[in-house]
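**Student:** using only what follows, build the 3D model:
(2 chains)
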Amino acid sequence: MGHGGESRRTQAFDGELGDAVARAQQGDEAAFAVAYRLVQPGLLAYVRGLVGADAEDVMSDAWLEIARDLGRFKGDGAGFRGWTATIARHRALDHLRRQRVRPRASALEQDVLELPAPHSTHDQAMEAMSTEQALALVGRLPRDQAEAVLLRVVVGLDGPAAARVLGKRPGAVRTAAHRGLRRLARQLAADGVTDEAPRTLGEST
Amino acid sequence: MGERQSDGGQAGRRRVHPERSDCPEGAAAASGPAVSVSAERPAGDTARLEALLVAALVRDGVDAGAEQRAVTAFVAARESGAHGARTRHRDDWRPSRRRFGGRSLRATLGALVAGCALSGVAWAGIQAAGAPSGGRSEDTGPARTPSAASAPTVPDASRAAGAAGTPRVSAPASATEAGRDGAARGSGPAEAAGTVEAQCRAYERVAGRGRVLDAPVWERLVAAAGGAGRVEAYCAGRAGDPPPTASVPAPEGVPPVAGDEAGPGRPTGKAAGADSSGEDKGKGEEAGRKP
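**Tutor:** Next comes the predicted model:
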């Protein structure tokens, strides 16, 4: 996929996505499959950040709703991302409510508290990161920051769309995304000194 | 290192703050050097971090089974006609509308606030100009429905009204008269009571500041009090009115004075003591407006 950044990547696909959605709304199931393939990876990553290992199940439910309500949707490719992200988020929150668990799967948090131990310098840490490490990093952010980062970076929403998904003001979401990214960068750089991490977290909350 | 980091982090936060209103990407990139840990790194860290997150979190390709289930659900919905459903607000993601909606929401809120402020001013003005300045207002209190919009002094009177039984009209006015008056003027008397007190408070504040006291409202207050020198005593007397006595007509003998002194503005003021308070108010007001 390269390192162009998901948002740029998704924006490039938004035209294609918009076409697919429009055709799907005419009843074209193949176009619906195209839209699914374009949107699902980012949504799954976002939902995984919310509910952890149950993300696939949650997204299955979400897609049932998306498939059912597609006729109601109005908008282009970017709008479809926001619309589907909203549905996915609702399903994820429902799931969390049912489970009565914290959004950050504690198992992940515990397992990967020592972030990339082999990476003693920042540059090494910045070269590669496993999914679990990334999830653990994001999971240690405050909830609003984690969601803002994921929606912006992974789902590829712009500020206003992310704000609408979260039901907040765009300025608040922009701020949350910035803080989250900055904190992630600090944590990445602070690997190897993980005992310092909680203090850093608490201090900047 | 931890020490240095937290310091740097805070400094970074502070320094970055103003940039936040700009383009988010640019601000994030620019904030890179401000964070101490990135001092030894090139800018553009944010982009790298984002790419890293994407690479770690987003798995290209989808589960074929899950895709098939989604498509099946799509076909089922299509066959059942669910796709003809009406678009709800939350389904409308058209960009123009979204932008417009955001703007209009803000504009609506602004207009609402401004409207409330202006209408409040207008209402206060009307009350100040139209309310009789005598003490009659409290007489009618018991006959009134308590109003949430009333002035701060009202709750006691309202409670008294409730205790006295709201339906029992203490004034000998005809029911229709009272009804008409009540319907037309809402919580008028209660507000009038509040108005006089508000005038008193305002008077204390502006007293001695020259021309303000020439305004008609002040003239009326002065007239009601029976002279500029007696305004303070008048106000003090009003402030001392025990609210529970609201059902007693003409407390502290203020209204006759007001009626006498107000002269042309309140021709029926004197009759108020014996007359129906509600009716009197109506008359007084009408008479006051006619000239």
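
**Student:** drop to CA atoms for contacts and neighbour counts, all remaining ones
**Tutor:** Fine.

**Student:** what's the spacing between B:V54 and chain A?
**Tutor:** Distance, B:V54 to chain A, using Cα to the nearest Cα, to the nearest Å: 6 Å.

**Student:** that residue against A:V154, yeah?
**Tutor:** Yes. Counting by Cα atoms under 8 Å, B:V54 touches A:V154, with 5.8 Å between them.

**Student:** okay, now the unreliable bits of chain A?
**Tutor:** A:1-12, A:101-128, A:191-205 (pLDDT under 70).

**Student:** which residue is nearest the middle of it?
**Tutor:** Centroid-nearest residue in chain A, with Cα atoms, centre = their mean: A:Y46, separated by 2.5 Å.

**Student:** in contact with it, which residues?
**Tutor:** Counting by Cα atoms under 8 Å, 6 or more residues apart in numbering or on different chains, A:Y46 touches A:E147, A:L150, A:L151, A:V154, A:V155.

**Student:** from those, which land in helices?
**Tutor:** Secondary structure assignment by DSSP state H places A:E147 of these in helices.

**Student:** just the contacts of A:Y46 that are near chain B?
**Tutor:** A:V154 (Cα under 8 Å from any Cα of the partner chain).

**Student:** can you add neighbour count and give the contacts of A:Y46 back as a markdown table?
**Tutor:** Below are the contacts of A:Y46 laid out as a markdown table (neighbours: other Cα atoms under 10 Å in any protein chain shown):
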| residue | neighbour count |
| --- | --- |
| A:E147 | 27 |
| A:L150 | 30 |
| A:L151 | 30 |
| A:V154 | 27 |
| A:V155 | 27 |
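
**Student:** hey, which helix is longest across chain B?
**Tutor:** Under DSSP H, chain B gives helix B:95-130 as its longest helix.

**Student:** so for it, mean pLDDT?
**Tutor:** Rounded to a whole number, the mean pLDDT of helix B:95-130 is 78.

**Student:** then stretch B:76-84?
**Tutor:** Average pLDDT, stretch B:76-84: 88.

**Student:** ditto for stretch B:203-220
**Tutor:** Stretch B:203-220 comes out at a mean pLDDT of 70.

**Student:** gap between the two ends of it?
**Tutor:** Criterion Cα to Cα, to the nearest Å; first-to-last residue distance in stretch B:203-220 is 12 Å.

**Student:** also stretch A:138-149?
**Tutor:** Using Cα to Cα, the two ends of stretch A:138-149 sit 8 Å apart.

**Student:** from the chain's centroid, how far away is it?
**Tutor:** 9 Å (Cα atoms, centre = their mean, to the nearest Å).

**Student:** buried residues in it?
**Tutor:** If you call a residue buried by 16 or more other Cα atoms under 10 Å in any protein chain shown, then stretch A:138-149 has these buried ones: A:V138, A:G139, A:R140, A:L141, A:R143, A:D144, A:Q145, A:A146, A:E147, A:A148, A:V149.

**Student:** mind putting those in CSV, distance to A:R164 included?
**Tutor:** Listed next are the buried residues of stretch A:138-149 as CSV, based on distance: Cα to Cα, whole Å:
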residue, distance to A:R164
A:V138, 21
A:G139, 22
A:R140, 24
A:L141, 21
A:R143, 16
A:D144, 13
A:Q145, 15
A:A146, 16
A:E147, 12
A:A148, 11
A:V149, 14
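
**Student:** grab the two from these that are most spread out in space.
**Tutor:** A:R140 and A:A148 (13.5 Å; Cα to Cα).

**Student:** which bits of the stretch 51-200 of chain B sit near chain A?
**Tutor:** B:51-62, B:66-67, B:69-71, B:73-75, B:77-78, B:82-88, B:90-95.

**Student:** phi, psi of the closest residue to B:R78 other than its chain neighbours?
**Tutor:** Sequence neighbours aside, A:G27 is the residue nearest to B:R78 in space, at 6.6 Å (criterion: Cα to Cα, 6 or more residues apart in numbering or on different chains). The phi/psi pair for A:G27 (degrees, to the nearest 10) reads phi 110, psi 10.

**Student:** and for A:G27, the neighbour number?
**Tutor:** Using other Cα atoms under 10 Å in any protein chain shown, A:G27 has 19 neighbouring residues.

**Student:** next: B:F74.
**Tutor:** 29.

**Student:** repeat for A:G167
**Tutor:** A:G167 has 11 neighbours, counted by other Cα under 10 Å.

**Student:** for A:R68, give its distance to chain B.
**Tutor:** In this view, A:R68 and chain B are 5 Å apart by Cα to the nearest Cα.

**Student:** which residues does that residue contact?
**Tutor:** B:A73, B:F74, B:A77, B:R78, B:A82, B:H83.

**Student:** how about a cut-off of 7 Å?
**Tutor:** When contacts are counted by Cα atoms under 7 Å, 6 or more residues apart in numbering or on different chains, A:R68 touches B:A73, B:F74, B:A77, B:A82, B:H83.
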